[in-house]
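> Sequence first, then the predicted structure:
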Amino acid sequence: MKKLANRLYSISGKGLFSIPVFIVEKSPEELYMIDCGLEKDAKTIIKKITKQWGSIDKIKKILFTHRHLDHTGGLQEILAEISQVNENHKVEIICHKDEAIKFEEEVKIKPTKTIEHETVIDKDLGLKAIHLPGHTLGHLCFFFEKYKIILLGDIVMDLGLTLRPVFKKFHDDYEQWRRSLKLLLIYNWEFGVPTHLSARKISRKRLEKFISKYAI
């Protein structure tokens, strides 16, 4: 468990293709999860949330950057664990409206709520969804205005020594992804957090270099 900002945490999986899952602490009794990681990482995620907050059923919303299975694979097991702990607890499953049909087809779970560009998730936390399509047509980033941090999903891939695009063949629309990069610069963030590897804050200056290289 890594603390990235006040009320913002990440949990990293153990495999080569694992991604960090993000936990937003609305309160000690109310959590939002952003992405669910790979299926094989679900037990680790459940264990760490339970250790930190006492119970997995404190998750009230699960928000998704996009539908790919490295981001959604753990959802079934996490929901099953929540149901086992508290069978009456209902979790909101949230994605962008342009992702909903393919999300349901590929993840085999129907989202309970769909959102649009700049939907405010939580006013008190200054958390809003930013629609930046291309990697998938409903790809979202999540911007914490209060802390000037943006969670980048797969719009940028952090490989440690270098920042790279996700391989072209994994994009729904590569040229749209390149156009979306410029939209990141509209927002007043100081750090971006890509997925893949262990979550870490990348400076705006470094990300601007990446954007200038790949954006159109």
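Sure thing, it's come through.
> mind listing the helices for the chain?
42-53, 69-72, 75-85, 100-107, 174-183, 204-214 (DSSP state H).
> Could you list the residues in contact with the fifth one?
If I follow you right, that is helix 174-183. 130, 132-135, 137, 139, 155, 165, 168, 171, 211, 214-216 (CB atoms under 8 Å, 6 or more residues apart in numbering). To be clear about C-beta, it is placed using only N, CA and C from the backbone, and glycine gets the same treatment.
> Of all pairs in those, which one is the farthest apart?
Using CB to CB, the two most remote members of the contacts of helix 174-183 are 130 and 168, lying 22.5 Å apart.
> Neighbour count: these two, which is higher?
Neighbours of residue 130 and residue 168, each counted by other CB atoms under 10 Å, are more numerous for residue 130; the result is 23 against 8.
> how about the nearest residue to that one, chain neighbours excluded?
Nearest residue to residue 130 in three dimensions, chain neighbours excluded: residue 141, at 4.5 Å (CB to CB, 6 or more residues apart in numbering).
> That neighbour: neighbour count?
By other CB under 10 Å, 24 other residues sit near residue 141.
> quick one: it and residue 154 touch, right?
No. Judged on CB atoms under 8 Å, residue 141 makes no contact with residue 154 at a distance of 9.7 Å.
> list residues touching both of these two?
Taking CB under 8 Å, 6+ apart as the contact rule, residue 141 and residue 154 both touch residue 65.
> tell me the phi and psi of residue 123?
For residue 123, the backbone dihedrals are phi -70, psi -40 (criterion: degrees, to the nearest 10).
> Please name the residues that touch it.
Under the criterion of CB under 8 Å, 6+ apart, residue 123 has no neighbours.
> any idea how far it is from residue 62?
Look at residue 123 and residue 62: by CB to CB, to the nearest Å, they are 19 Å apart.
> Selection in PyMOL covering whichever of the contacts of helix 174-183 are buried, please.
Once 16 or more other CB atoms under 10 Å is used to decide burial, the buried members of the contacts of helix 174-183 can be selected in PyMOL as follows:
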select buried, resi 130+132+133+134+135+137+139+155+165+171+211+215
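> so of the contacts of helix 174-183, which ones are in strands?
Applying DSSP state E to those, the entries found in strands are 130, 155.
> Of the contacts of helix 174-183, which is the nearest to residue 24?
For residue 24, the nearest member of those is residue 130. The distance, counting by CB to CB, is 15.3 Å.
> I'd assumed residue 144 was in contact with the closest one.
No. Assessed by CB under 8 Å, residue 130 is found out of contact with residue 144, at 11.0 Å.
> Common neighbours of the two, please.
Looking at what touches both residue 130 and residue 144 (by CB under 8 Å, 6+ apart), the common residues are residue 150.
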